[in-house]
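Student: Fold the following.
(chains A and B)
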Amino acid sequence: MTATRFINIATEDRLSEAVAERLVACYTGFAVDLKMGLQGNGHLRKNLKSYFEIADRTPLLLMTDLDDTPCVVKKLENWKKSVNRSPPPNFLFCIAVREVEAWLLADHKGFAGLLELEARHLPDNPDALPDPKKALLKLAEKAPKAMRRDLIGVKNALASQGLGYNTRLGAFVKTGWNPDRAAKRSASLKRACERLGLLYQAVA
Amino acid sequence: MYITKIHLKNWKNFRQAEIPLQEYTYLLGANASGKSNLLDVFRFLHDITMPQGGGLQKAIADRGGITKLRCLHARRDPEVRIEVDLADSFEAERPEWQYKLAFKPEGKGAQRILIVEETVIHHGKKLFERPTKEDRADPLRLTQTYLEQIQTNADFRAIAAFFSGITYLHLVPQLLKYSDRIGGNFLEGDPFGQAFLKSLARTTEKTRDSRLKKIETALALAVPQFEALQFEPDAMGHPHLQARYKHYRPNAGLQREDQFSDGTLRLIGMLWSLLESNTMLLLEEPELSLHAAIVACIPEMMQRVRLKSKHRRQVVLTTHSAALLENKGIDGRGVIVLEPGTDGTTTRQLTHNEVSAVKSGLSLAEVVLPKTRPEKVAQLAFL
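Tutor: Numbers count the residues shown, from 1 in each chain, chains lettered A, B, ... in the order given. Sure, this is the predicted structure:
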């Protein structure tokens, strides 16, 4: 019997955390130990040095959104510059282009099933969307009432999403979302899956 | 029906306040900023209309008399005023009902508390305005509101019924666990959940079982090892709750409410009151004793419970919890910030700056909660 190998994850929010856990489960044999972050992008960047130190001992997956940074390489460089050392080999930096929502939209069959609409409404190349969350919410307008209310919220509400946004999408990530299928449409997800698999091989 | 707006004058911390309410209203503020005092105005309206032992004079006396109830910052004007707008929808242009009540000590003799104004307006039309001619001729009449009297509130019974359905919950687990040993001094309306089990016993079996079933489902998600919840009177007929936890021996995992954790009891109490069909629910810091992950679910849970039930409850809650406010789906229109100052507490909705921060995807925990931090709080550590 082989001993359990652990990985720690650091993500921006609950939804990214759910995605990270699913990817770890799909492409590695790691068990997730520490789940850090959940306070947005800035928090991850601020703690980068600590994450590097943790990764000296245990593999660590840091997942963040590209957001408005022009390109992935640039973002990586910017972040690394803020810490005075190079990342340890067991540190994996994954960037969703431009937001993790794009990765969900990339699974046409799964996501169309969630919103109960035809797959042709979904974007062909979600990595190219300037604002994937906005696109997701726009699509949700066509969804059945209960789903619409949970994702978008009530009319005129002063909120950026519905109360059930994380719950609904989190549940979808766990059971309905197929990362293999999604990776065919999202280069950034494909890269993340491959590198996660390689990290596991290297450690195990 | 909902209370869409409340206007206060000289009520406890508030010299003047005009507070719009939503289906879910979140009262945020530092300690002692007046959150509970604001909730108390709704309890006050409830106390006036209580079918047994209610009334204006009792409601004032229960609060330690008018001097305890009136704003300390009130200067010459001793009048306390409460004005409430009620409507079926928050989008309504004009309230369906308006109820105004103002009172003050009579300023001589026995210093009775007399009504200065009591008015009811229905769809913009005044049903009555007190003091009437008869009131002036017989000032004793001004010690009682029309609201509290069945003979006089017939035309606006809807308001009286709404107020009397207001419930307040701040379940103190220890009062429930040790209720036998503490003995039976029960407060009217049971604000602290001391008689929670009795109210469970009073509910019809069908309703009780259906509510407990829903609570059981929620607890199974929130409490590790929890399996089932039952209502179980003991041999003496005293009502009890019994929970079953996973255990390697069957039947060994049975526990009574006095063995429940504080968090489990508070969660049961909160869910029960959300499932009740009354009009307005006042929740005092629902986050207490609960794990942050459960607290984070409260706003969504409230919405789901409401969608499943026949009645729509309006909820006003106070909180200090970042976890509770982290859900970006919370409607910022329902946030009221209480800001204490030298002239009493003022209330406000979100500022333009805060609104745009919420619109661009930040949570209320990030945007508003830091503003309720006391300025010098860091020094507290150096005591």
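
Student: Quick check: residue A:54 is in a strand.
Tutor: No - judged by DSSP: H, G, I helix; E, B strand; the rest coil, residue A:54 forms no part of a strand; its state is helix.

Student: I'd guessed it sits against residue A:8; true?
Tutor: Yes - with contacts counted by C-beta atoms under 8 Å, residue A:54 reaches residue A:8, the gap being 5.9 Å. In this view, the C-beta of every residue, glycine as well, is placed from N, C-alpha and C.

Student: Could you pull out the residues contacting both of those two?
Tutor: Taking C-beta atoms under 8 Å, 6 or more residues apart in numbering or on different chains as the contact rule, residue A:54 and residue A:8 both touch A:34, A:60.

Student: Chain A contacts on the stretch 251-383 of chain B?
Tutor: Neighbours of chain A within the stretch 251-383 of chain B, by C-beta under 8 Å from any C-beta of the partner chain: B:299-300, B:303-304, B:327-333, B:350, B:355, B:358-362, B:366.

Student: List of residues touching the strand or helix carrying residue B:114?
Tutor: Per DSSP states H and E, residue B:114 falls inside strand B:113-122. Outside strand B:113-122, the residues that touch it by C-beta under 8 Å, 6+ apart are B:56-57, B:60, B:66, B:79, B:81, B:96-106, B:126-131, B:135, B:139, B:142-147, B:155-156, B:159.

Student: List buried residues within those residues.
Tutor: With burial judged by 16 or more other C-beta atoms under 10 Å in any protein chain shown, the buried subset of the contacts of strand B:113-122 is B:56-57, B:60, B:66, B:81, B:96-105, B:130-131, B:142, B:144-147, B:156, B:159.

Student: Among the residues you listed, name the ones in helices.
Tutor: Among these, the residues falling in helices (DSSP state H) are B:56-57, B:60, B:66, B:159.

Student: Just put those residues in CSV and tack on pLDDT and distance to residue B:271.
Tutor: Compiled in CSV, these are given as follows (pLDDT from 0 to 100; distance: C-beta to C-beta, whole Å):
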residue, pLDDT, distance to residue B:271
B:56, 96, 33
B:57, 95, 36
B:60, 95, 33
B:66, 92, 37
B:159, 96, 28
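
Student: Those residues: which two are farthest apart?
Tutor: B:66 and B:159 (23.2 Å; C-beta to C-beta).

Student: related to what we said a few turns ago, pull the distance from the strand holding residue B:114 to the chain's centre.
Tutor: Relative to its chain's centre, strand B:113-122 lies at 23 Å (C-alpha atoms, centre = their mean, to the nearest Å).

Student: Would you indicate which residues of that strand are buried?
Tutor: Buried residues in strand B:113-122 (16+ other C-beta under 10 Å): B:113-116, B:118-122.

Student: neighbours around residue 74, how many?
Tutor: No chain specified, so I'll use chain A. By other C-beta atoms under 10 Å in any protein chain shown, the residues close to residue A:74 number 11.

Student: wait, chain B
Tutor: Look at residue B:74: counted by other C-beta under 10 Å, it has 17 neighbours.

Student: And for the one 4 residues further on?
Tutor: Using other C-beta under 10 Å, residue B:78 is surrounded by 16 other residues.

Student: Please identify the helix or strand for it.
Tutor: Applying DSSP H and E, one finds residue B:78 in no helix or strand.

Student: Setting the sequence-adjacent residues aside, check what's closest to it.
Tutor: Excluding the flanking residues, the one nearest residue B:78 by C-beta to C-beta, 6 or more residues apart in numbering or on different chains is residue B:104, at 4.7 Å.

Student: what do you get for residue A:26?
Tutor: Computed as C-beta to C-beta, 6+ apart, the closest residue to residue A:26 that is not its neighbour in sequence is residue A:179, at 5.3 Å.

Student: What's the separation between the one you found and chain B?
Tutor: Between residue A:179 and chain B the computed distance is 25 Å (C-beta to the nearest C-beta, to the nearest Å).

Student: Surely that residue is in contact with residue A:189?
Tutor: Yes - Residue A:179 lies in contact with residue A:189 (C-beta under 8 Å); the separation is 6.8 Å.

Student: residues shared between the contacts of the two?
Tutor: Common neighbours of residue A:179 and residue A:189 (C-beta under 8 Å, 6+ apart) are residue A:103.

Student: Between those two, point out the one with more neighbours.
Tutor: Taking neighbours as other C-beta under 10 Å, residue A:179 and residue A:189 compare with residue A:189 leading, 27 against 24.

Student: residues touching that one, list them.
Tutor: By C-beta under 8 Å, 6+ apart, the contact list for residue A:189 reads A:96, A:103, A:106, A:179, A:182-183.

Student: Tell me the one among those nearest to chain B.
Tutor: Using C-beta to the nearest C-beta, residue A:96 comes nearest to chain B of the contacts of residue A:189, at 15.4 Å.

Student: Nearest spatial neighbour of the closest one, chain-adjacent residues omitted?
Tutor: residue A:65 (5.2 Å).

Student: Return the set of buried residues in the helix or strand bottoming out on mean pLDDT in chain A.
Tutor: Within chain A, no helix or strand scores below helix A:72-81, which has a mean of 82 by mean pLDDT, DSSP states H and E. The neighbour-count check on helix A:72-81 (16+ other C-beta under 10 Å) flags A:72, A:75, A:79 as buried.

Student: hang on, isn't the first one packed against residue A:96?
Tutor: Okay, so that is residue A:72. No - Residue A:72 is beyond contact range of residue A:96, at 9.8 Å (criterion: C-beta under 8 Å).

Student: Please enumerate the shared neighbours of these two.
Tutor: A:66, A:188.

Student: what does the stretch 1-150 of chain B have sitting close to chain A?
Tutor: By the rule C-beta under 8 Å from any C-beta, the part of the stretch 1-150 of chain B lying against chain A is residue B:91.

Student: ok, the closest residue in space to residue B:234 that isn't next to it in sequence - contacts?
Tutor: Nearest non-adjacent residue to residue B:234, counting by C-beta to C-beta, 6+ apart: residue B:240, 5.8 Å away. The contact partners of residue B:240, taken as C-beta under 8 Å, 6+ apart, are B:197, B:231-234, B:256-257.

Student: residue contacts, residue 174?
Tutor: No chain specified, so I'll use chain A. Neighbouring residues of residue A:174 by C-beta under 8 Å, 6+ apart: A:18, A:22.

Student: You answered for a different chain; I wanted chain B.
Tutor: Applying C-beta under 8 Å, 6+ apart, the residues near residue B:174 are residue B:262.

Student: what ranges do the strands span in the stretch 251-383 of chain B?
Tutor: B:254-256, B:280-284, B:314-319, B:335-341, B:344-348 (DSSP state E, counting those that start in this stretch).

Student: Good, wrapping up.
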